[in-house]
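A.B. asks: Could you work out the structure for the sequence below:
(one chain, ligands or ions: 2)
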Amino acid sequence: MGFILETGIVEQIIEHSGAVGAIIGLAIVALVTIQLTVYFLGSLKRSANELKQHNLEMEVLKTKLQTAKIKQYQQETATLGWNGFRKFVVKKKQHEGKQKPKGPYLTRTDENKEFHMNRDEMVVGRTKDTDIQVVHNTVSGKHARILCRRNELFVVDDFSTNGTTLNSEKLKPEVQVKLNHGDDLVFGDVPFKVSLPAGEAKEGTGSGICSFYLSPHDGRPLPSFEPGQYLTFQFKVPGETKPAVRCYSLSDSPKLDYYRVSIKRHFRKDKSPGLISHYWHDHVQEGDIIDVKAPGGKFYLDMDKQTPIVLIAGGVGITPCLSMLNTILDRKSKRETWFFYGLRNGKEHVFKEYLESVALENDHVRLHVCYSRPNDEDVKGKDYQHAERVSVDLFKRLLPSNNYDYYMCGPGPMMKSVVEGLDDWGVPEKNVHYEAFGPASVKKAKPAPAPAAGAPATKVTFAKSDQTVDWTGGTILELGEAAGISMESGCRAGNCGACVIALKSGEVNYVSEPSDPPEAGTCYACIAEPKGDIAVDA
Ligand SMILES: Cc1cc2nc3c(=O)[nH]c(=O)nc-3n(C[C@H](O)[C@H](O)[C@H](O)COP(=O)(O)OP(=O)(O)OC[C@H]3O[C@@H](n4cnc5c(N)ncnc54)[C@H](O)[C@@H]3O)c2cc1C
Ligand code: FES
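C.D. replies: Ligands and ions are numbered 1, 2, ... in the order given. Prediction:
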C-alpha cells in the first residue's frame with residue numbers, strides 16, 4: 001500500500017515541478033522510505049528481542065515454580081511416617097538394553113499359541129480360572145501344574161483323567177518332573193512344546209538389566225529422596241527359610257507417583273544365579289505387591305550446591321548416577337556435569353539412546369562412554385568414545401582441572417583405582433563420594449590397633465560356624481566374609497538391618513552411626529568392630 005502511494009507522489013512531482021524538482025522530490029521520497037524501513041526493521045528487532053526476553057523470563061518462572069513445587073512436596077512428604085516395610089505395587093517392568101530376553105514359556109503347537117511363565121505356579125486345565133486354559137474334551141478341569149523355580153520348569157500331573165505325557169512317557173500323578181528346552185508335553189491329547197530361552201539365565205548375554213516402576217499400594221503420597229539414595233526390599237522366596245533383604249538404588253529423579261529401580265541379574269563367584277536379582281527378573285511381574293523400606297543412604301548429590309561434578313558409573317553402578325543426572329535436568333540446573341560410563345562392550349550398554357539424547361540437548365552435560373573390551377560390531381565414535389577403562393588418566397586428558405566433586409558407583413576394583421588415582425592427583429577426600437553395591441574395600445582398611453606388647457590379638461568367635469578369627473581391622477562382616485563365613489548383608493551401611501547378628505559376648509564399636517539403635521544383645525555386623533574379644537552368632 002505504502003509503495004503505491006509513493007509512486008503516485010513521484011508522478012505528481014514530475015508533472016508539476018520539472019526535472020530539478022523531480023530529483024529533489026525523489027531524494028525526499030528515498031529519505032522517507034529509508035527512514036520508514038529503518039524504523040520498521042528496528043521495531044522488528046525490538047519485538048524479537050522482547051520475545052526472547054519474555055521467553056527467558058517465562059523459563060525462569062517455570063523453573064522457580066517447579067523448584068517451589070518440589071520443595072513443598074518434599075516438606076509435605078517428609079512428615080509422613082514410614083517405618084519398617086510398606087507395600088508397593090509393581091506398575092511397570094521394562095527390560096533395558098539391546099536384548100529383550102524372554103522367560104520360559106510353553107507353546108500349544110496345534111494352535112501355535114504361547115503361554116509365558118509369569119507366576120511361580122501355573123495351572124493347566126479346561127476351566128476358565130486356570131492360567132493355561134486348554135478347552136478340549138481330553139483335558140480335565142484342573143489337569144496339571146507347571147512350576148517355575150529359579151528359571152527352571154517342572155510339571156506335575158494333578159490326577160487328570162486322560163493323563164500327561166512327557167516325551168511320550170506317561171507321568172505319575174503328583175510327581176514333580178523337570179522340563180528341558182524342546183521337550184514335548186501332552187495334556188490329554190493336546191500337544192505343547194517347552195521353551196527355556198538359553199540367553200535368559202546365562203551370564204553375559206544381553207544387558208540383563210530390568211527396570212521396575214513402583215507405586216505405593218495405599219495410594220498415599222510418595223516421599224521424595226535425595227538423588228543417589230536406595231530402597232531396601234524384603235522378599236519371601238518360596239523354599240527359603242527366612243526373608244531375604246536387598247538394597248537397590250533409585251535409578252530416576254524423584255517423581256510424584258513412582259520410584260524406579262533397575263536391577264541386573266547377579267551371578268555369584270561359582271556362576272550360580274543370585275537369589276533376589278533373579279527373583280526380580282523371573283518372578284516379579286506387573287501388579288505384584290512387594291515390601292519396601294523408605295529411601296535411605298548417605299551417598300547422594302547435594303542439590304543445594306552448584307559446583308561442577310563428575311559422575312562415574314561402572315556397569316549397573318549407573319543407577320544412582322542416573323538419578324543424579326536426571327535430578328539436575330529436572331531442576332533445570334545448568335551445573336557442569338561430566339558423565340563417565342564404563343562398560344565391557346555394547347551388550348551391556350543400557351540407557352544408551354537416553355543418555356545420548358541428554359548429552360545432545362544439554363551443553364552442560366558431557367558424556368564419555370568407555371568400552372574396555374569392545375565387540376566387532378561396536379563402533380568407536382558412535383557407540384562409545386574410548387576403548388579403555390574409566391581412569392584418572394582419562395580425566396587428566398579431558399577435564400580442564402581436577403576441581404570437581406566426584407560421585408562414583410561401580411565394581412570394587414574400578415572404584416579402588418579411581419579413588420587412589422584422585423588422591424594422587426590432589427583431589428581432596430571431601431570431594432570424592434562413592435558407593436559399592438557389595439563387598440568392596442575401596443579405601444585401604446584401617447589396621448586393627450596393635451595389641452600392647454605381649455597382649456594377645458583381639459579374637460572374634462563366629463559361634464555357629466565354630467571358628468575363631470584374629471581381628472585384623474575392618475568390620476565384623478568383612479572379617480567373617482574373609483574367613484568364608486556365610487553372613488547376610490544388604491546396604492553395608494547400618495541402615496537396612498539385614499546383617500544384624502546376636503552378640504553372644506563382648507562389646508562392639510560402630511564405625512558409623514546406625515540408622516536405628518540395634519536391639520539389646522545384637523549388633524550391625526556391617527559397621528561394628530570388636531571392642532576386645534567377642535562372640536557372635538554367625
Ligand atoms: C546400596 C546398594 C545399592 C544397590 N543398588 C543396586 C542396583 O541399583 N541395581 C542392582 O542390580 N544391584 C544393586 N545392588 C546390589 C543388590 O543389593 C544385590 O546385592 C544384588 O542384586 C545381588 O543379590 P542376589 O540376591 O541376586 O545375589 P546373592 O548372591 O543371592 O546375594 C548377594 C549378597 O547377599 C548376601 N548373601 C545372600 N545369601 C547369602 C548366603 N547364603 N551366604 C552368604 N552371603 C549371602 C551376600 O552378601 C551376597 O553377596 C545394590 C546394593 C547396595 C548395597
Ligand atoms: S547390611 Fe544393612 S544394616 Fe548392615
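A.B. asks: How far does the helix or strand hosting residue 122 sit from its chain's centre?
C.D. replies: Using DSSP states H and E, residue 122 falls within strand 121-125. Centroid displacement of strand 121-125 relative to its chain, using Cα atoms, centre = their mean, to the nearest Å, is 33 Å.
A.B. asks: Which neighbouring elements make contact with it?
C.D. replies: Applying 3 or more Cβ pairs under 8 Å, 6 or more residues apart in numbering; DSSP states H and E, we find strand 121-125 packed against strand 132-133, strand 144-149. Quick note: C-beta positions are derived from backbone N, CA and C, even for glycine.
A.B. asks: contact partners of the shortest one?
C.D. replies: Residues outside strand 132-133 that contact it (Cβ atoms under 8 Å, 6 or more residues apart in numbering): 106, 115, 122, 123, 124, 125, 126, 127, 146.
A.B. asks: State the number of residues packed around the third one.
C.D. replies: By the measure other Cβ atoms under 10 Å, the count of residues near residue 122 is 19.
A.B. asks: What number of residues are in the vicinity of the nearest residue to it once chain neighbours are set aside?
C.D. replies: Excluding its sequence neighbours, the residue lying closest to residue 122 (Cβ to Cβ, 6 or more residues apart in numbering) is residue 131, at 3.8 Å. When neighbours are defined as other Cβ under 10 Å, residue 131 has 15 of them.
A.B. asks: Could you check how far residue 131 is from ligand 2?
C.D. replies: 37 Å (Cβ to the nearest ligand atom, to the nearest Å).
A.B. asks: among the helices and strands packed on strand 121-125, which is nearest residue 376?
C.D. replies: strand 144-149 (35.5 Å; Cβ to Cβ).
A.B. asks: what packs against the closest one?
C.D. replies: Helices and strands in packing contact with strand 144-149 are listed as strand 121-125, strand 152-157; criterion 3+ Cβ pairs under 8 Å, 6+ apart.
A.B. asks: For ligand 1, see how far away residue 316 is.
C.D. replies: Taking Cβ to the nearest ligand atom as the measure, residue 316 falls 4 Å from ligand 1.
A.B. asks: Help me confirm that that residue comes into contact with residue 262.
C.D. replies: Yes. Using Cβ atoms under 8 Å, residue 316 is in contact with residue 262, at 7.2 Å.
A.B. asks: Up against ligand 1, what does the stretch 251-400 of the chain have?
C.D. replies: Residues of the stretch 251-400 of the chain lying near ligand 1 by Cβ under 6 Å from any ligand atom: 261-264, 266, 268, 274-278, 297, 316, 319.
A.B. asks: List the contacts of residue 277.
C.D. replies: 246, 263, 264, 265, 266.
A.B. asks: quick one: it is in a helix?
C.D. replies: Yes. The assignment for residue 277, made by DSSP: H, G, I helix; E, B strand; the rest coil, places it in a helix.
A.B. asks: Only whichever of the residues of the stretch 251-400 of the chain next to ligand 1 are buried, select them in PyMOL.
C.D. replies: In PyMOL, this line selects whichever of those come out buried by 16 or more other Cβ atoms under 10 Å:
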select buried, resi 261+262+263+264+266+274+275+276+277+278+297+316+319
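A.B. asks: The residues of the stretch 251-400 of the chain next to ligand 1 in helices, which ones?
C.D. replies: In helices, judged by DSSP state H, the following of those are found: 275, 276, 277, 278, 319.
A.B. asks: Report the separation between residue 85 and ligand 2.
C.D. replies: Distance from residue 85 to ligand 2, by Cβ to the nearest ligand atom: 14 Å.
A.B. asks: tally of neighbours for that residue?
C.D. replies: Here the number of neighbours of residue 85 (other Cβ under 10 Å) works out to 16.
A.B. asks: what do you get for the one 10 residues further on?
C.D. replies: Using other Cβ under 10 Å, residue 95 has 17 other residues around it.
A.B. asks: Regarding it, what is its secondary structure?
C.D. replies: Criterion first, three-state DSSP; result for residue 95: strand.
A.B. asks: Now for the residue lying closest to it once chain neighbours are set aside: which residues touch it?
C.D. replies: Once flanking residues are discounted, residue 95 sits nearest to residue 210: 5.3 Å by Cβ to Cβ, 6+ apart. Shown in contact with residue 210 (Cβ under 8 Å, 6+ apart): 93, 94, 95, 96, 262, 263, 280, 281.
A.B. asks: quick one: which of the residues you listed is nearest to residue 470?
C.D. replies: Nearest to residue 470 among those, with distances taken as Cβ to Cβ, is residue 263, at 37.4 Å.
A.B. asks: Quick one: low-confidence residue ranges for the stretch 1-150 of the chain.
C.D. replies: 1-25, 27-29, 32, 38, 40-48, 55-56, 59-81, 98-102, 150 (pLDDT under 70).
A.B. asks: For stretch 372-386, buried residues please.
C.D. replies: Of all the residues in stretch 372-386, those buried under the rule 16+ other Cβ under 10 Å are 372, 374, 378, 383, 384, 385, 386.
A.B. asks: end-to-end on it?
C.D. replies: In stretch 372-386, first residue to last residue: 8 Å (Cα to Cα, to the nearest Å).
A.B. asks: what does stretch 216-223 give?
C.D. replies: 10 Å.
A.B. asks: Excluding chain neighbours, give the residue nearest to residue 531 in space.
C.D. replies: residue 507 is the one closest to residue 531 (Cβ to Cβ, 6+ apart), at 4.4 Å.
A.B. asks: Name the nearest of the contacts of residue 210 relative to ligand 1.
C.D. replies: residue 263 (4.2 Å; Cβ to the nearest ligand atom).
A.B. asks: Now do the residue in the stretch 151-300 of the chain positioned nearest to ligand 1, the pLDDT please.
C.D. replies: The stretch 151-300 of the chain approaches ligand 1 most closely through residue 274 (2.2 Å), counting by Cβ to the nearest ligand atom. We note a pLDDT of 91 for residue 274 in this prediction.
A.B. asks: who's in contact with the closest residue to it other than its chain neighbours?
C.D. replies: Among residues not flanking residue 274 along the chain, residue 266 sits closest, at 3.4 Å (Cβ to Cβ, 6+ apart). Going by Cβ under 8 Å, 6+ apart, residue 266 touches 273, 274, 277, 278.
A.B. asks: which element follows the helix or strand of the chain with the lowest mean pLDDT toward the C-terminus?
C.D. replies: Least confident helix or strand of the chain, by mean pLDDT, DSSP states H and E, is helix 198-201 with a mean of 46. Downstream of helix 198-201, the next assigned helix or strand under DSSP H and E is strand 209-216.
A.B. asks: chain center to that next one, what's the gap?
C.D. replies: That offset, for strand 209-216, works out to 9 Å (Cα atoms, centre = their mean).
A.B. asks: Pairing partners for that strand, with directions?
C.D. replies: Using DSSP bridges, the strands paired with strand 209-216 are strand 85-96 (antiparallel), strand 259-264 (antiparallel).
A.B. asks: and whatever helix or strand comes next after it, anywhere near ligand 2?
C.D. replies: Where DSSP H and E defines the elements, the next helix or strand beyond strand 209-216 is strand 230-235. No. Strand 230-235 stays clear of ligand 2 (Cβ under 6 Å from any ligand atom), getting no nearer than 7.6 Å.
A.B. asks: Put the alpha carbons of whichever helix or strand comes after strand 230-235 into CSV.
C.D. replies: Using DSSP H and E, the helix or strand that follows strand 230-235 in sequence is strand 244-249. Only the C-alpha atoms of strand 244-249 are listed here, as CSV (Å, rounded to 0.1, in the frame of the first residue of the first chain):
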residue,chain,number,x,y,z
ALA,A,244,15.9,-62.0,52.1
VAL,A,245,16.7,-58.3,52.3
ARG,A,246,18.4,-56.4,49.5
CYS,A,247,19.0,-52.8,48.6
TYR,A,248,18.6,-51.2,45.2
SER,A,249,19.4,-47.6,44.2
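A.B. asks: Kind regards, and thank you for your time.
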